[in-house]
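Participant: Could you look at this predicted model? Sequence included:
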Amino acid sequence: MRKEFYITTPIYYVNDKPHVGHAYTNVATDAIARWRRAQGDDVFFLTGTDEHGTKNQRSAEKVGEETQGFVDKIADKFKDLKEVLDLSWDFFIRTSDKEIHWPGAQALWKKLEEVGDIYWKDYEGFYCVGCEAFVTEKDLVDDVCPDHKTKPELIKEKNLYFKLSKYSKQIEKAIETGELNVQPETRRNEILAFIRGGLEDVSFSRPKDKLKWGVPVPDHEDQVMYVWCDALSNYISAIGYGRDEKEFNKWWPADVHVIGKDILRFHAAIWPGMLLSAGLPLPKSIFVHGFITSEGEKMSKTIGNVIDPFEVVEEFGSDAFRYYLLREIPSDEDGDFSIDKFKERYNADLANGLGNFASRVTTLAEKAEGLAGLLVDEEIQNKITETAISAAKEAERFKLHEVTAKIWALIKFGDGYINKHKPWETDDAQVIFNLLALLDAIASFASPIVPKAAGIIQKSIKKEDGKIIGAQKVVNLFPRLDA
RNA sequence: CGCGGGGAAGUGUAACGGUUGCACGUGAGGCUCAUAACCUUAAGGUAGCGGGUUCGACUCCCGCCCCCGCAACCA
């Protein structure tokens, strides 16, 4: 029986076009989704955009556009990543979508209110008139707002609050027992320490005059949802919560929420609290990945080292970019993106590695005779099985760079095998058949990582009734780059 | 203050209480099926510092130094 597997990326905030960090989250999630599909699971892969908030409203005003039109344009850029990065997501949720998202977000709100977890409370904070938003002390430079050079005023307003504190213990226990599996371990410890400190209730709404661009709170005309209920609820609204119970029950709970380390708290504290309140099951796991630095430094517009995924792919192709992200960036830590390292990886692993291996094997196989009907030698089969097992083990804990390394080690083994057996001298059909079987396995293992190249290789291997009978030469999959 | 993670060849990384492994890069040799690709091999690490436990520690414990993350309204 096919098992449902529901995986999500965060929804991206649309105040700017996508950068390499977004690309990373997408590619990592995509690789897991493709891997599960290859395992035979029925996968639903969700991504999308978070489009509300005063920031977007103001950005739109600044350029003299309708807010909706403004966010539409940026959301499209995120959608474009599908083709650019060769993503396989099934649905793209937008929080400004009144048909799909709003009913879910509002249904969830009503549920929380129904069980008595929503209440009125004064919210007090520093408010910058220029920003039209509350600012935190962290935002301030010398006590003034860095954007407006004014001192924010302390104001009070009535907000609806969510009783997160009530679920502190339950959330803590769920994470401790692994019912909600937070990966990697270090993030699990981090969030547990935080939760043990006791969770406070969170502000859940804003008065409409402060925040116009958002989801209206049901039954409270003058209030608009603050980000938590608005954004986090996308994970259930997208699959039918509040609209289509059958579809919702098919997919929920999520198997994995893939997130960046910056939003761990929202996903591993607030979100579980909301779900518990609503009587819904918790997601099975949360995979927290690190951030990407650029040329060893934090990416920033002022330094000018922001990496544009569109440009990298334009120059080197989606497979190469995906490979770099999955192989070079440790999936559970911060990693660095540098053009030199990119080229090094490309030449070593893709051109000299996968590409060259595919060429040598298919060239030998194209000329070979008597391949049909042969069986793979035990040595090769064992090697393939070993790799499948160890790669799957790493994939279970989301060590994607390790998965990739294990698969590429098989290429190394293959190259050694060719040199050892010299099939170009012996024309040994069995050896060539073994190599073809190996290449076939490598292509299928690598397809979640470099889907295009894997597809080309698979197509070049001729099969009959699922059995390999020959191949057509694969030419220059990854042309070498000049240093 | 605190909590959590980490410091290993030029770079990136893995496992492990008992010859530090792997990959890239570098040097030498080999091969020619292949994309000046591939294979073999060499050099290169006193495993941050100082103690302790132990027959024996990179691995466990303690102290110190350095780096990073968290420290709640930030997506």
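Facilitator: Looks like it came in fine.

Participant: Check which residues of stretch A:392-412 are buried.
Facilitator: A:394-395, A:397-408, A:410-411 (16 or more other CB atoms under 10 Å). Backbone N, C-alpha and C define where each C-beta goes, glycine included.

Participant: I meant stretch A:265-276, not that one.
Facilitator: Buried, per 16+ other CB under 10 Å, within stretch A:265-276: A:F266, A:H267, A:A268, A:A269, A:I270, A:W271, A:P272, A:G273, A:M274, A:L275, A:L276.

Participant: from those residues, which is closest to RNA strand B?
Facilitator: Nearest to RNA strand B among these is A:F266, at 4.0 Å by CB to the nearest atom of the strand.

Participant: you'd agree the closest one is up against A:W228?
Facilitator: Yes - if you go by CB atoms under 8 Å, A:F266 and A:W228 touch, sitting 7.0 Å apart.

Participant: Quickly check: stretch A:468-481 near RNA strand B or not.
Facilitator: Yes - Stretch A:468-481 lies within reach of RNA strand B by CB under 7 Å from any atom of the strand, at A:V475, A:N476, A:L477, A:F478, A:P479, A:R480.

Participant: again, but for stretch A:357-372
Facilitator: Yes - counting by CB under 7 Å from any atom of the strand, RNA strand B has neighbours in stretch A:357-372: A:A358, A:S359, A:R360, A:T363, A:L364.

Participant: Which residues does the helix or strand where the last one lies contact?
Facilitator: Counting by DSSP states H and E, the secondary-structure element that holds A:L364 is helix A:356-367. The contact list for helix A:356-367, computed with CB atoms under 8 Å, 6 or more residues apart in numbering, reads A:371, A:411, A:414-415, A:418, A:423-424, A:432, A:435-436, A:438-439, A:442-443, A:453, A:457, A:460-461, A:470-477.

Participant: average pLDDT across stretch A:160-175?
Facilitator: What stretch A:160-175 shows for mean pLDDT is 90.

Participant: likewise stretch A:322-331?
Facilitator: 86.

Participant: For the residue of the stretch 251-400 of chain A found nearest RNA strand B, grab the count of nearby residues.
Facilitator: Ranked by CB to the nearest atom of the strand, the top residue of the stretch 251-400 of chain A for proximity to RNA strand B is A:G355, at 1.7 Å. As a burial measure, A:G355 scores 24 neighbours (other CB atoms under 10 Å).

Participant: Go ahead and confirm A:D440 touches A:K459.
Facilitator: No - checked against CB under 8 Å, the pair A:D440 and A:K459 is beyond contact range at 11.2 Å.

Participant: picking that back up, filter the buried residues of stretch A:392-412 down to the ones close to RNA strand B.
Facilitator: A:E402, A:A405.

Participant: hang on, the earlier thing: out of the buried residues of stretch A:265-276, which one sits closest to A:N181?
Facilitator: Nearest to A:N181 out of those is A:A268 (CB to CB; 10.3 Å).

Participant: shouldn't the residue of the stretch 251-400 of chain A closest to RNA strand B be in contact with A:L481?
Facilitator: No - contact between A:G355 and A:L481 fails when scored by CB under 8 Å: they sit 11.5 Å apart.

Participant: And the helix or strand that the helix holding A:L364 is followed by, what's buried?
Facilitator: Where DSSP H and E defines the elements, the next helix or strand beyond helix A:356-367 is helix A:378-396. With burial defined by 16+ other CB under 10 Å, the residues of helix A:378-396 counted as buried are A:I380, A:K383, A:I384, A:T387, A:A388, A:S390, A:A391, A:E394, A:A395.

Participant: nearest residue to the last one other than its sequence neighbours?
Facilitator: Think A:A395. Distances taken as CB to CB, 6 or more residues apart in numbering put A:V403 closest to A:A395, at 5.0 Å, once the chain neighbours are dropped.

Participant: Next, the contact list for the one you found, please.
Facilitator: Neighbours of A:V403 in contact, by CB under 8 Å, 6+ apart: A:W35, A:L326, A:A391, A:E394, A:A395.

Participant: since we're on the closest residue in space to A:P423 that isn't next to it in sequence, how many residues are nearby?
Facilitator: Closest residue to A:P423 apart from its sequence neighbours, by CB to CB, 6+ apart: A:V431 at 4.5 Å. Close neighbours of A:V431, defined as other CB under 10 Å, add up to 20.

Participant: Surely A:V431 and A:E425 touch.
Facilitator: No - assessed by CB under 8 Å, A:V431 is found out of contact with A:E425, at 10.5 Å.

Participant: so where's the stretch 301-450 of chain A uncertain?
Facilitator: A:301-305 (pLDDT under 70).

Participant: hmm, 50 instead?
Facilitator: The model of the stretch 301-450 of chain A has no residue with pLDDT under 50.

Participant: For it, what lies in contact range of RNA strand B?
Facilitator: Residues of the stretch 301-450 of chain A lying near RNA strand B (CB under 7 Å from any atom of the strand): A:328, A:330, A:333-335, A:341, A:344, A:347-349, A:351-356, A:358-360, A:363-364, A:402, A:405, A:409, A:412, A:415-416, A:418-420, A:422, A:424-425.

Participant: Mind checking which of the residues you listed land in strands?
Facilitator: Under the assignment DSSP state E, those contribute A:G335 to strands.

Participant: Among the residues of the stretch 301-450 of chain A next to RNA strand B, name the buried ones.
Facilitator: Buried among these by 16+ other CB under 10 Å: A:328, A:335, A:347, A:349, A:351, A:353-356, A:358, A:360, A:363-364, A:402, A:405, A:415, A:418.

Participant: in stretch A:236-249, what's buried?
Facilitator: For stretch A:236-249, by 16+ other CB under 10 Å, it's A:I236, A:S237, A:A238, A:I239, A:G240, A:Y241, A:G242, A:R243, A:F248.

Participant: In a markdown table: those, plus pLDDT and distance to RNA strand B.
Facilitator: A markdown table is the format used below for the buried residues of stretch A:236-249 (pLDDT from 0 to 100; distance: CB to the nearest atom of the strand, whole Å):
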| residue | pLDDT | distance to RNA strand B |
| --- | --- | --- |
| A:I236 | 95 | 14 |
| A:S237 | 94 | 14 |
| A:A238 | 94 | 15 |
| A:I239 | 95 | 18 |
| A:G240 | 92 | 21 |
| A:Y241 | 92 | 17 |
| A:G242 | 90 | 19 |
| A:R243 | 91 | 21 |
| A:F248 | 95 | 20 |
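
Participant: Looking at the residues you listed, spot the one nearest A:V312.
Facilitator: So of the buried residues of stretch A:236-249, ranked by how close each gets to A:V312 (CB to CB), first place is A:A238, at 28.7 Å.
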